[in-house]
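Chemist: just need the structure, nothing else, for what follows:
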Amino acid sequence: MNDIERFENLQTTIKLNPKNFQARRELIMLCLDLGFEKVALSHIKYLLKIFPNDADLYFNVGICHEKLKNNKLALSAYKKAVELKPSEPDFLYNLALLYEAMDDLDNALKYFKKVIFYKNEDANAFFSAGIIYSKKNNPKMAIKCYKKAIEYNYSDYFAHFYLALEYKKNKELDFALVEYRKVLELSPDYVWAYYNIAQIYWELGRVDDSIIMLKKVLEKNPKDKESLKLLCLIYFNNSRINEAIEVLNKYIEEDEDGDAYYLMSKAFELSDDEASRLDSLELAIENRKTLTYDFETVKSELKELKGLKKVKE
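Modeler: Residues are numbered from 1 along each chain as shown. So this is what the prediction gives:
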């Protein structure tokens with residue numbers, strides 16, 4: 001029996017016997033899985049008239065309203081669930097996540113700490129607390145929390161990644177590299193780790209290693225624009241213009257892109273090829289929708305170049 005058939009059977013069961021509370025509870029959970037939040041709410045309200053102090057029902061009300069983007073109603077429901085069951089980690093965790101979503105970082109942290117108090121090996125709670133400390137610019141506590149998250153769940157590559165980010169912000173680049181490498185051991189296709197390693201190598205002056213990492217990103221995600229930009233910047237700074245043009249041509253073959261054409265214009269500027277530079281600037285403007293560089297700057301460069309061309313003629 002599939003979920004829809006189960007849904008229909010439970011609806012029929014409840015219609016025949018409205019006081020079959022177990023069937024209603026099963027239907028509520030199934031509705032949450034299927035995305036039928038409004039149907040779930042109608043059955044929860046029925047049960048709350050009979051079980052007004054049922055914390056689990058209030059928790060499910062919170063889930064429904066959160067999915068329906070009614071954060072104030074969700075908050076009220078989660079708080080009621082916590083009031084009725086103050087030591088339930090799942091209730092505390094959802095309440096903390098909602099506070100975080102509402103940018104109330106102090107309350108979010110307060111409830112993540114409560115989760116940890118009642119469930120002191122909860123890797124997710126430590127990770128989430130680390131995120132809050134990162135947002136509050138408290139690297140010491142963020143690092144401490146991420147390390148705890150890793151201690152209780154080593155395979156969480158996000159925890160390694162965010163720990164690496166904190167190390168990088170603190171200029172502890174060797175520690176950051178260690179954690180980024182662990183990310184790639186656990187998730188070899190996580191391209192942001194390759195990109196961030198490339199940034200560190202570039203900062204350390206390891207140009208060829210940085211290029212290798214950026215090429216790996218583009219192998220795995222050929223449309224990764226940030227990697228393209230950094231790779232071209234490195235090529236430009238090291239007078240490797242032909243390599244930049246080769247990478248840009250490959251990128252444009254996949255899909256015309258305003259940024260790629262603008263970078264191409266920079267490559268031609270460095271190689272004193274004014275005609276090709278002019279063509280690239282015009283193509284950058286034609287592809288304005290994919291141009292993230294300042295449009296007025298690109299227009300100004302094109303206008304200036306056309307003016308120079310007229311003077312020479």
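
Chemist: just give me how far the lengthiest helix in the chain sits from the chain centre.
Modeler: Using DSSP state H, we find that the single longest helix of the chain is helix 295-312. Centroid separation for helix 295-312 versus its chain: 39 Å, with CA atoms, centre = their mean, to the nearest Å.

Chemist: show me what it is packed up against.
Modeler: Applying 3 or more CB pairs under 8 Å, 6 or more residues apart in numbering; DSSP states H and E, one finds that helix 295-312 makes contact with helix 274-286. For glycine as for every other residue, the C-beta is placed from the backbone atoms N, C-alpha and C.

Chemist: which parts of the helix it packs on are buried?
Modeler: Neighbour counts over helix 274-286 (16 or more other CB atoms under 10 Å) mark Ser276, Arg277, Leu278, Ser280, Leu281, Glu282, Leu283, Ala284, Ile285 as buried.

Chemist: stretch 181-200 too?
Modeler: Buried, per 16+ other CB under 10 Å, within stretch 181-200: 182-184, 186-187, 190-200.

Chemist: quick one: contacts for Tyr58?
Modeler: Residues in contact with Tyr58 (CB atoms under 8 Å, 6 or more residues apart in numbering) are Leu48, Ala77, Tyr78, Lys80, Ala81, Leu84.

Chemist: ok, the buried residues of stretch 181-200 vs Asn221, which is closest?
Modeler: Val191 (5.2 Å; CB to CB).

Chemist: what score does that closest one have for pLDDT?
Modeler: We have a pLDDT of 95 for Val191.

Chemist: nearest residue to it other than its sequence neighbours?
Modeler: Val217 (4.8 Å; CB to CB, 6 or more residues apart in numbering).

Chemist: quick check: Val178 vs Leu231, distance?
Modeler: From Val178 across to Leu231, the span is 24 Å (CB to CB, to the nearest Å).

Chemist: no, scratch that, I was asking about Asn242
Modeler: 14 Å.

Chemist: quick one, which of those two is more surrounded?
Modeler: The residue with more neighbours, out of Asn242 and Leu231, is Leu231; 26 against 11, by other CB atoms under 10 Å.

Chemist: not counting its neighbours along the chain, what's nearest that one?
Modeler: Leu214 (4.3 Å).

Chemist: next SSE downstream of the helix or strand the one you found falls within?
Modeler: Element membership of Leu214 [criterion: DSSP states H and E] is helix 207-220. Downstream of helix 207-220, the first helix or strand assigned by DSSP H and E is helix 225-237.

Chemist: contacts for that following helix?
Modeler: With CB under 8 Å, 6+ apart as the criterion, helix 225-237 contacts 191, 195, 198-199, 202, 207, 210-211, 214-215, 217-218, 221, 240-241, 243-244, 247-248, 251, 257, 259-260, 263, 266-267, 270, 292.

Chemist: same question for stretch 167-180.
Modeler: By CB under 8 Å, 6+ apart, the list of residues contacting stretch 167-180 reads 139, 143, 160-161, 163-165, 193, 196-197, 199-200, 203-204.

Chemist: can you lay out the residues you listed as CSV showing secondary structure?
Modeler: Shown next, in CSV, are the contacts of stretch 167-180 (DSSP: H, G, I helix; E, B strand; the rest coil):
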residue, secondary structure
Pro139, helix
Ile143, helix
His160, helix
Phe161, helix
Leu163, helix
Ala164, helix
Leu165, helix
Ala193, helix
Asn196, helix
Ile197, helix
Gln199, helix
Ile200, helix
Glu203, helix
Leu204, coil
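
Chemist: helix or strand right after the strand or helix carrying Leu97?
Modeler: Secondary structure from DSSP H and E places Leu97 in helix 89-101. Tracing the chain past helix 89-101, the next element assigned as helix or strand by DSSP H and E is helix 105-118.

Chemist: centre of the chain versus the next helix or strand after that following helix, how much separation?
Modeler: Counting by DSSP H and E, the next helix or strand C-terminal to helix 105-118 is helix 123-135. Mean-position distance between helix 123-135 and its chain equals 15 Å (CA atoms, centre = their mean).

Chemist: may I see the buried residues of helix 123-135?
Modeler: Ala123, Asn124, Ala125, Phe126, Phe127, Ser128, Ala129, Gly130, Ile131, Ile132, Tyr133, Ser134.

Chemist: equivalent analysis for stretch 205-216, please.
Modeler: So for stretch 205-216, counting by 16+ other CB under 10 Å, buried means Ser210, Ile211, Met213, Leu214, Lys216.
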